[in-house]
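Undergrad: Pasting the sequence and the predicted model now:
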Amino acid sequence: MRSFRRPHRAGETTDGYRWWVLVVTSVGALLASLTSGTLVIALPDILRDLHTDLFALMWIIIGYTLVATVLVLNAGRVADMFGRARTYTLGFVIFTAASVFCAVAADATQLIAGRVVQGIGGAFLMANSAALVTDAFPRRELGRALGVNAMVVGVGLILGPILGGWLTGFGWRWVFWFNVPIGIAGTLAAWALLVEQAKPSTNRSIDWAGSGLYLVGLMGLMSALAFGGIYGWTTPWVVGGIVAFAIALPLFLVVERRQREPLLDLDLFRDRLFTMGNLTGLLNGIARNGVLFLLVFYLQGAKGDDPVTAGILLSPLALGLLVLSPISGALADRYGSRELATLGMIVTAIGLAGLMTLAVDTPYWQLALWQLVIGAGSGLFNSPNTSAVMGVVPPEKRGIGAGTRMMLTQTGFIVSIALAIGLVTSAMDPKVLVAIFSGAQVGGQGIDLDPFISALHIAFAAGVVASIIGAVVSAMRGEHRGWDQRPSQVGERAGAA
């Protein structure tokens with residue numbers, strides 16, 4: 001057996017093993033990012049082929065993310081109990097099997113069910129990826145390693161829409177069939193190469209009460225934001241969703257404080273860097289994650305572009321992320337995360353403000369420019385912020401720490417998509433919107449698109465506000481340091497240098 005297969009303590013791995021960990025986790029990152037891009041491009045075809053509506057369409061998108069978000073903390077807990085390598089491998093198995101189910105789904109209900117199961121696999125992948133990399137790499141190299149992971153995500157985000165457009169030409173089901181060989185390769189690589197490094201936790205409890213409250217609160221908020229525009233903001237069940245969120249969130253925090261082994265380890269939030277980094281990640285998700293979805297509406301609906309063309313035109317959105325993620329990660333290792341992450345949020349705000357000038361006849365070079373700026377902001381933000389957050393988590397809690405980070409990031413994604421749907425459907429008759437989006441009325445011919453464009457501007461403006469708030473929060477995070485350092489020690493070391 002090769003030397004890199006021997007168990008190691010966290011942060012004390014051989015060079016060979018740590019780079020294999022990076023390869024395996026990058027395969028998972030590639031799978032997740034490709035799936036996101038290919039599915040979004042295929043949505044109009046799914047809408048048309050399965051004769052569904054916006055309600056079902058939203059659940060096809062959100063069902064995966066909602067389940068993954070709610071379960072990612074439990075997945076982190078399971079990883080701490082039974083091993084991160086084992087549960088990461090299990091995530092590949094579940095995700096791949098669910099992709100097969102989605103590919104053969106006969107109707108929207110079955111497709112939503114398949115996406116929910118995909119979310120279970122996604123939770124295991126998301127909860128362990130950053131933790132495995134943090135275990136394998138020393139603190140001085142962590143930003144660079146996470147930057148490589150983020151660069152792979154950038155590649156997937158660029159290729160996803162283009163690949164999705166091409167695969168949709170053979171039928172939308174190929175969007176899911178394409179996941180299968182990647183998932184099988186990831187499963188075999190994780191099983192053969194990954195070893196357990198952290199000592200498993202002796203606790204075997206799962207916080208079901210906390211999980212239930214979080215699910216109720218998040219589903220209530222998501223439903224209210226997404227469907228308020230379709231059914232009316234004063235509709236009883238929409239108001240009920242807001243009330244459910246308002247009640248469930250404080251109850252969740254009370255339950256977590258009293259639990260012996262809580263779903264959300266609130267003690268981690270005593271660290272200012274962990275708290276501010278995660279809050280910034282949440283705001284970053286709210287600010288930018290609805291952009292791809294809205295631009296697919298714009299290109300395939302208002303502009304009448306075909307899926308392949310739309311996919312190519314969306315590639316600048318990820319190009320900045322691809323180029324800057326490894327660079328910003330390496331810079332964070334040397335100079336810290338605060339300035340880079342804060343700058344990333346400011347650049348994202350500038351890009352979103354640029355998209356507020358979008359019109360039906362806007363030249364493509366302007367759209368490409370603002371996409372590139374948003375991608376650059378993401379590239380500057382992601383790796384330094386992840387490195388900062390994961391670097392202050394003790395090794396024995398990295399599963400739950402990574403789960404917390406992903407839970408908040410994914411919560412931002414859900415809020416962003418739900419808010420985007422709510423704003424757009426508030427501006428137009430949902431039936432007209434479906435006709436445009438599905439291609440039944442290509443380019444919105446004969447329809448006044450001004451309300452739709454105005455709704456896009458409002459959605460992008462909300463992203464600008466979230467980005468600015470995120471920049472302020474990011475600037476308050478404190479010094480970049482490791483889990484075994486107090487803030488004063490960082491200052492002492494800097495002074496000694």
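TA: It's in.

Undergrad: And the closest residue to residue 458 other than its chain neighbours, which helix or strand is it part of?
TA: Nearest residue to residue 458, sequence neighbours excluded (C-beta to C-beta, 6 or more residues apart in numbering): residue 423, at 5.3 Å. No exception for glycine: its C-beta is placed from N, CA and C like everyone else's. Residue 423 is part of helix 398-427, with elements assigned from DSSP states H and E.

Undergrad: got it, and residue 91?
TA: Here residue 91 is assigned to helix 84-103, by DSSP H and E.

Undergrad: before we move on, back to that, show me what contacts the residue nearest to residue 458?
TA: 229, 455, 458-459, 462 (C-beta atoms under 8 Å, 6 or more residues apart in numbering).

Undergrad: measure residue 292 to residue 344 for me?
TA: 18 Å (C-beta to C-beta, to the nearest Å).

Undergrad: Give the residue from the two that has the larger number of neighbours.
TA: Neighbours per residue, other C-beta atoms under 10 Å: of residue 292 and residue 344, the larger number sits with residue 344, 30 against 24.

Undergrad: can you pull the contacts of the more buried one?
TA: Neighbours of residue 344 in contact, by C-beta under 8 Å, 6+ apart: 284, 328, 377-382, 384-385.

Undergrad: Look at it and tell me its secondary structure.
TA: Following DSSP: H, G, I helix; E, B strand; the rest coil, the label given to residue 344 is helix.

Undergrad: Phi and psi next, for residue 172.
TA: phi -60, psi -20 (degrees, to the nearest 10).

Undergrad: got the angle between the strand or helix carrying residue 65 and helix 84-103?
TA: Assigned by DSSP H and E, residue 65 belongs to helix 54-82. Interaxial angle, helix 54-82 versus helix 84-103 (axes from the mean of the first three to the mean of the last three C-alpha atoms, to 10 degrees): 160 degrees.

Undergrad: Could you check how far residue 17 is from residue 146?
TA: If you measure residue 17 against residue 146 using C-beta to C-beta, the figure is 17 Å.

Undergrad: Which one's more surrounded, those two?
TA: Neighbours per residue (other C-beta under 10 Å) separate residue 17 from residue 146, with residue 146 holding more: 33 against 21.

Undergrad: Residue 387 is in contact with the more buried one, correct?
TA: Yes: using C-beta atoms under 8 Å, residue 146 is in contact with residue 387, at 5.2 Å.

Undergrad: Pull up the overlap in contacts between these two.
TA: With C-beta under 8 Å, 6+ apart, residue 146 and residue 387 have common neighbours residue 329.

Undergrad: Compute the number of surrounding residues for residue 231.
TA: Residue 231, neighbours per other C-beta under 10 Å, totals 15.

Undergrad: Grab the nearest non-local neighbour of it.
TA: Of all residues not flanking residue 231 in the chain, residue 238 sits nearest, at 6.2 Å (C-beta to C-beta, 6+ apart).
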